[in-house]
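**Q** 3D, please:
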Amino acid sequence: MVYLLGGGQDICEELKESILENFKGLNSILFIPSDPEDKLKTEKYSRENFNIFKELGIELKSMEILERSDSQETIKEKFSRASFIYIMGGDTVKLLSFIKEKQLKEHLEGYYGNIVGMSAGALALCPSCVLTTDKDIENARVIEGLGLVPINVEVHYDKENEKQRGELLNLVKEHEVENIYAIPEECSILVDSDDIRFLGNKELYRFYPGGFEKVF
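**A** Here you go, the predicted model:
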């Protein structure tokens, strides 16, 4: 199953309960960084997230990080050792470039464990990668994502942010993206085959050509 996380420093109780249920017995994690060149940042956030899972009660014993220098054989070995995959947040464009460079889509498609996409990691997993402006994105646009889940999402969604809402409405109309689920921070969408479940205590909105609506 795939967890698409909306970002933020905390996670809601419903998401915590789901992780405890579905990650029980998992003991190793493989991090895919959005910017493998920024080793200090990658190490910092991977260690923080490793500890978050441990604090939730997941008995993790080891973690690994994919490196730009990894050969295809090394990547295959790291995937085979991982109980689950965590695709990190950050710069979505850099992340997709790294995934393409190291041919990670094929490894992810053949992986049968849980996958977590945080923020940029969640966007990258979608068929259409919807980018609204932020500190990493100067121009709102839609680029091709990995298509490993059947839905498109927006992350860090703030229903009070009129600029973000306007950009989403324009992108949906211009690119004819059928559905974009806008995930607030601290919330998540769980995708298990064709089953889609929202985990959170905030409102979730769906954007479509012509408008948007609250769905949770």
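**Q** Could you tell me how far residue 72 is located from residue 86?
**A** 20 Å (C-beta to C-beta, to the nearest Å). (C-beta placed from N, C-alpha, C; glycine too.)
**Q** So for these two, which sits in the more crowded spot?
**A** residue 86 (26 against 11; other C-beta atoms under 10 Å).
**Q** Give me the distance between the more buried one and residue 113.
**A** Residue 86 is 11 Å from residue 113, by C-beta to C-beta.
**Q** same question, residue 136
**A** With C-beta to C-beta as the criterion, residue 136 and residue 113 are 28 Å apart.
**Q** likewise residue 74?
**A** 18 Å.
**Q** So which residues of the chain form strands?
**A** 2-5, 28-32, 62-65, 84-87, 114-118, 128-131, 141-144, 152-157, 180-184, 188-192, 195-199, 205-208, 211-214 (DSSP state E).
**Q** Can you lay out those as CSV showing mean pLDDT and distance to residue 166?
**A** As requested, the strands of the chain are exported to CSV (pLDDT from 0 to 100; distance: least, C-beta to C-beta, whole Å):
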stretch, mean pLDDT, distance to residue 166
strand 2-5, 98, 23
strand 28-32, 98, 32
strand 62-65, 98, 37
strand 84-87, 98, 28
strand 114-118, 98, 25
strand 128-131, 93, 13
strand 141-144, 95, 14
strand 152-157, 97, 12
strand 180-184, 97, 13
strand 188-192, 97, 23
strand 195-199, 95, 23
strand 205-208, 95, 11
strand 211-214, 95, 11
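**Q** any chance of those strands in JSON lines, plus distance to residue 170?
**A** Below are those laid out as JSON lines (distance: least, C-beta to C-beta, whole Å):
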{"stretch": "strand 2-5", "distance to residue 170": "22"}
{"stretch": "strand 28-32", "distance to residue 170": "30"}
{"stretch": "strand 62-65", "distance to residue 170": "37"}
{"stretch": "strand 84-87", "distance to residue 170": "27"}
{"stretch": "strand 114-118", "distance to residue 170": "24"}
{"stretch": "strand 128-131", "distance to residue 170": "11"}
{"stretch": "strand 141-144", "distance to residue 170": "10"}
{"stretch": "strand 152-157", "distance to residue 170": "13"}
{"stretch": "strand 180-184", "distance to residue 170": "12"}
{"stretch": "strand 188-192", "distance to residue 170": "23"}
{"stretch": "strand 195-199", "distance to residue 170": "24"}
{"stretch": "strand 205-208", "distance to residue 170": "10"}
{"stretch": "strand 211-214", "distance to residue 170": "12"}
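**Q** Tell me which of the ones you listed lies nearest to residue 14.
**A** The closest of those to residue 14 is strand 195-199. By C-beta to C-beta, the value is 4.6 Å.
**Q** That closest one: partners in the sheet, and parallel or antiparallel?
**A** Taking DSSP bridges as the criterion, strand 195-199 forms sheet pairs with strand 188-192 (antiparallel).
**Q** I would like the residues contacting the strand it pairs with, please.
**A** 1-6, 11-12, 15, 18, 149-151, 153, 181, 183, 196-200, 204 (C-beta atoms under 8 Å, 6 or more residues apart in numbering).
**Q** Kindly recompute the last result at 6 Å.
**A** With C-beta atoms under 6 Å, 6 or more residues apart in numbering as the test, strand 188-192 has contacts from 1, 2, 3, 4, 5, 15, 149, 197, 198, 199.
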